[in-house]
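Novice: Using only what follows, build the 3D model:
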Amino acid sequence: MQKSAGKILASIFWDQDGILLIDCLPKGHTLNTEYYLSLLVQMKDILKEKCCGKITKGVLFLHDTATAHWALATHKKLAYLCFQCLDHPPQSPDLALSDYHLLPELEKQLKGCHFSSDAEAIAAAETWLDRLPSEFFFSGLQKLEQWAKKCFELCGEYVE
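Specialist: I've put the predicted structure just below:
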């Protein structure tokens, strides 16, 4: 038995082309609204750089149901940044894109690996994520569209 390096809370932002931002919460910190707002500002800056002024109508934004994501301050910041937040039906984890598309694949990749530090685990995850082809991310968004339609047809009920 080896001692685990522990858990790491990572916020991963991605689009149809790939990873935009990976932020690992420092040990001893909590992902609160203030911290999340700083990540949203970073995302806006990354999108400005990536898209070089091509975004004219704003950004469609989907995040899960974490408390910091649904705070009033978060909604105000999203509006200020011209991010249109897509509705997420309560208790419908199917639409948490990273939960059903990205993270299961990352877990498969890292299963059985032993890391001597958090930094080593983070580096391994980032390396794997950076190597994924854009088709992987695009297919995840296509699945989201299909599952969202199914969820809508079922009036927000759980979709498998």
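Novice: I figured A68 hits K77, correct?
Specialist: No: counting by C-beta atoms under 8 Å, A68 does not reach K77; the two are 10.9 Å apart. C-betas here are computed from N, CA, C, even on glycine.
Novice: where does the protein have low pLDDT?
Specialist: The chain contains residues with pLDDT under 70 at 1-5, 53-57, 88-95, 156-160.
Novice: The same query, at a cut-off of 50, please.
Specialist: The model of the chain has no residue with pLDDT under 50.
Novice: quick one, helices of it?
Specialist: Along the chain, the segments classed as helices by DSSP state H run 33-51, 72-80, 97, 103-110, 118-131, 134-153.
Novice: quick check, distance from the fifth one to the centre of its chain.
Specialist: For helix 118-131, the separation from the chain centroid amounts to 16 Å (computed by C-alpha atoms, centre = their mean, to the nearest Å).
Novice: what comes up buried for that helix?
Specialist: Residues of helix 118-131 classed as buried by neighbour count (16 or more other C-beta atoms under 10 Å): 121-122, 125, 129.
Novice: Just name the most buried of the helices of the chain.
Specialist: helix 97 (a mean of 20; mean count of other C-beta atoms under 10 Å).
Novice: Point out the other helices and strands that that one packs with.
Specialist: If you count contacts as 3 or more C-beta pairs under 8 Å, 6 or more residues apart in numbering; DSSP states H and E, helix 97 packs onto helix 134-153.
Novice: What angle do helix 103-110 and the helix it packs on make with each other?
Specialist: Interaxial angle, helix 134-153 versus helix 103-110 (axes from the mean of the first three to the mean of the last three C-alpha atoms, to 10 degrees): 140 degrees.
Novice: Output helix 134-153 in PDB with nothing but the alpha carbons.
Specialist: Extracted as PDB, the C-alpha positions of helix 134-153 are listed here (Å, rounded to 0.1, in the frame of the first residue of the first chain):
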ATOM      1  CA  SER A 134     -10.300  18.300 -31.200                       C
ATOM      2  CA  GLU A 135     -12.700  15.600 -32.400                       C
ATOM      3  CA  PHE A 136     -12.900  14.300 -28.900                       C
ATOM      4  CA  PHE A 137     -14.200  17.600 -27.600                       C
ATOM      5  CA  PHE A 138     -16.500  18.200 -30.600                       C
ATOM      6  CA  SER A 139     -18.100  14.800 -30.100                       C
ATOM      7  CA  GLY A 140     -18.800  15.600 -26.500                       C
ATOM      8  CA  LEU A 141     -20.700  18.700 -27.500                       C
ATOM      9  CA  GLN A 142     -22.700  16.600 -30.000                       C
ATOM     10  CA  LYS A 143     -23.600  14.200 -27.200                       C
ATOM     11  CA  LEU A 144     -24.700  17.100 -25.100                       C
ATOM     12  CA  GLU A 145     -27.000  18.300 -27.800                       C
ATOM     13  CA  GLN A 146     -28.600  14.900 -28.200                       C
ATOM     14  CA  TRP A 147     -29.000  14.400 -24.400                       C
ATOM     15  CA  ALA A 148     -30.400  18.000 -23.900                       C
ATOM     16  CA  LYS A 149     -33.100  17.300 -26.500                       C
ATOM     17  CA  LYS A 150     -34.000  14.000 -24.800                       C
ATOM     18  CA  CYS A 151     -34.100  15.700 -21.400                       C
ATOM     19  CA  PHE A 152     -36.300  18.500 -22.900                       C
ATOM     20  CA  GLU A 153     -38.600  15.900 -24.300                       C
END
